[in-house]
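A.B. asks: Next comes the sequence, and after it the predicted model I'd like to discuss.
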Amino acid sequence: MSNEVLIKVEGVRKKFCRSLKKSLWYGVKDIGAEMLGGSRQHNQLRPEEFWAVNGVSFQVRRGECLGLIGRNGAGKTTLLKMLNGLIKPDHGRIEMHGRVGALIALGAGFNPILTGRENIYVNGSVLGLTKKEIDEKIDDIIDFAEIREFIDAPVQSYSSGMQVRLGFAVATALEPDILLLDEVLAVGDFAFRTKCFVRISSLLSRAAVIFVSHTEEQLIRICSSGLVLKQGEISYLGDLRECLNLYRESMTGSERPVVFHHDAGVKEAEIKLSSLEHLSGEDLIFELQYTVDRNVDLSLHALVLFDEAVADVAACDLLPIIKNVTTGTRSYRCVIQALSLRPGVYHFGLEALTTSHGSILVRKHFPELRLKVGGSIAHWSDYTPKVLLAEG
Amino acid sequence: MTKFPASTVTIYTPDSPLRNPGKLFRDMVHDLFACRELAWRLFIRDLSAQYRQTYLGYIWAFLPPLVTSFTFIYLNSQGIVRIEGVGMPYAAFALIGTLLWQVFVDAIQCPSLAIITSKSMLAKINFPREAVLVGGFYMVLFNLTIRLVLLIAVMVYWKITPGPGLLLFPFALLALVAAGFAVGMAFSPIGALYGDVNRGLPIITQFWMLLTPVVYPPKTEGLAGVFSTWNPLAPLVTTARESLSGQPFTQVTPFIVVALISIILVILGWISFRLAMPLLIERMGG
């Protein structure tokens, strides 16, 4: 009972159209075909069309949470919309067992003029709750959303955070067998997000969940497995860690084509780390390798360290080193002494500014280089401030 | 959990639901039943929102037919347009006619309006789609009730006494609503995609009114005679007015035929609405 398959997706495809004019016309044609009882189980693209979701198959059992990962436009929301029955697949088959709760859009259907209480009833019945069910749950909903003192005020006077809280509270009151969550936790403050996780986790025990998020920590926290979508196709299905690695690569990988503008004279640049683990405060040893085919033409060249949130953390100047390279391939073994970093995971990039072509910034990321920094804040004590003035 | 046991399996495939008419029919009946409460809530929501940001409020429900009929009352009283043989004071005739016509116009606009106002909800939440139609239907009935008040006032003022024919009046009203819905639903899928439809419909209905014996009695000769005979709305409007004024019924058979065809078209329109909805959402976006 506990591990029955609740979501079964087989070879699902969906096509979209790039041109609005054509899209509307195809819409008319498709509706016509639908009225004539046609089967649209066809795999041909018409002009201007592309596969938004292409040949996706997977299963989710009760108690499982599948993390749906992919860049913007990879087809995540389209897939969820098909699972929720909002749009039809163009190919394949979807089986959904039991009641489906979808948080694809929080607060959809809120009328700004009506009060919070009135909207709970409207929104609840939209989601399939009867009046009696809502009567029983309304106190829980109001408490969860933490808006008791505003519940009889019109929703247009709510802050956006309050609207989201109310939407989430109503949607999860449904007690679904299948829960579809689309980036819903991207909003709301930290305290509320934490509460949402508790609510989702308690639903998880008796539901199958599909969770879309761009935040690794959220995915790791609730997902049992992952699915990476890339341009509508499954690029990986299974272990969540592996999914996150792939996703990271796909994020940085796409920047490879712009790596080192040809005019810079640098054909290739590589970094190798002697170890992917680093204890804060120790020396970091790395190897640089350049292949240069003519005069290097750079006004700036730096090694950049950035964290998981792609925020730059530190940089060091490599210009003096690369200026030494004449044509050919050369390697350098380098050290950054006593590198103190907050524990966490860091990525490496090479940045360069060309001089002759209006200062074009080029940046190369090395997704395979994930430096895990251990240690504690104690290692920072190497930096003792110099006392300027002492009084008393 | 009580309403949908886990054994409820929903299957989505690209096939048209028409390939399995039995299931389609069961789903339609089920959804119509399941959407009652939601439709009522949507109606209350729209109703309380409808005139909230207006000063004149419900007077807006009366104004369009009033203005139209005053135009014709003025034209007729000044002899610019001469309309005779109406069997009652012309002002009453014109007012009753335009009030009835407005019921039809309301019903025509209802399906497209319902889709457009609920667009973001339709695109993001799965609920019985019938709810927006039924909610719109309630709204049409509500506006109709308001106009009935005006209609009764007109009849009292001009001392028009209905005969036993009044019994047919509710059916005549329903036939008008059904006819409006039939037309509106036929256009709504295309209207949701192409804005042309919703821009064109008011112009067409305006012109259609002039081709229908709304502000003038049915003609028998000339082009107007042809339109009075073959215009499907003519028997509906005429019969509805005759049932109010106690005049003998002149177009009973055409009335029954048009009413029945309208009801059949409403059911066909409902099916096409269901079939078109996922495809519309895909194209409309959220």
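C.D. replies: In hand now; what should we look at?
A.B. asks: Tell me the residues of the stretch 51-200 of chain A that contact chain B?
C.D. replies: Within the stretch 51-200 of chain A, the positions near chain B by CB under 8 Å from any CB of the partner chain are A:81-82, A:84-100, A:102, A:104-105, A:108-109, A:111, A:113-114, A:118, A:121-122, A:125-128, A:130-131, A:175, A:177. In this view, the C-beta of every residue, glycine as well, is placed from N, C-alpha and C.
A.B. asks: Which of those fall in helices?
C.D. replies: Judged by DSSP state H, helices contain the following of those: A:K81, A:M82, A:E118, A:Y121, A:V122, A:S125, A:V126, A:K131.
A.B. asks: and the two most separated of these?
C.D. replies: A:M82 and A:E118 (31.8 Å; CB to CB).
A.B. asks: the more surrounded of the two?
C.D. replies: Set side by side, A:M82 and A:E118 show more neighbours around A:M82, with 26 against 20, by other CB atoms under 10 Å in any protein chain shown.
A.B. asks: Let's see the pLDDT reported for the closest residue to the more buried one other than its chain neighbours.
C.D. replies: Excluding its sequence neighbours, the residue lying closest to A:M82 (CB to CB, 6 or more residues apart in numbering or on different chains) is A:P89, at 5.2 Å. Note for A:P89: predicted pLDDT of 91.
A.B. asks: before we move on, the earlier item: among the ones in helices among the residues of the stretch 51-200 of chain A next to chain B, which has the minimum pLDDT value?
C.D. replies: When these are compared by pLDDT, A:V126 scores lowest at 72.
A.B. asks: That one contacts B:E37, correct?
C.D. replies: No - between A:V126 and B:E37 there is no contact under CB atoms under 8 Å: 10.3 Å.
A.B. asks: so how far is A:T115 from the nearest residue to A:M96 once chain neighbours are set aside?
C.D. replies: Of all residues not flanking A:M96 in the chain, B:T10 sits nearest, at 4.5 Å (CB to CB, 6+ apart). According to CB to CB, to the nearest Å, B:T10 and A:T115 sit 33 Å apart.
A.B. asks: same deal with A:S331?
C.D. replies: Distance of A:S331 to A:T115, computed by CB to CB: 70 Å.
A.B. asks: the more surrounded of the two?
C.D. replies: Relative neighbour count places A:T115 above the other of A:S331 and A:T115, with 15 against 10, counting by other CB under 10 Å.
A.B. asks: That one bridge partners, please.
C.D. replies: Beta-bridge partners of A:T115, counted by DSSP bridges, are A:P154.
A.B. asks: and residue 112, how many neighbours?
C.D. replies: If you meant another chain, say so; for now it's chain A. 12.
A.B. asks: Not quite, go with chain B.
C.D. replies: The number of residues packed near B:S112 is 21, by other CB under 10 Å.
A.B. asks: OK, contacts around it?
C.D. replies: B:S112 sits next to B:G184, B:F187, B:S188, B:G191, B:A192, B:V197, B:N198, B:L201 when contact means CB atoms under 8 Å, 6 or more residues apart in numbering or on different chains.
A.B. asks: what's the pLDDT at the residue of the stretch 51-200 of chain B found nearest chain A?
C.D. replies: Closest to chain A within the stretch 51-200 of chain B is B:K124: 3.7 Å, counting by CB to the nearest CB. With respect to pLDDT, B:K124 has a value of 79.
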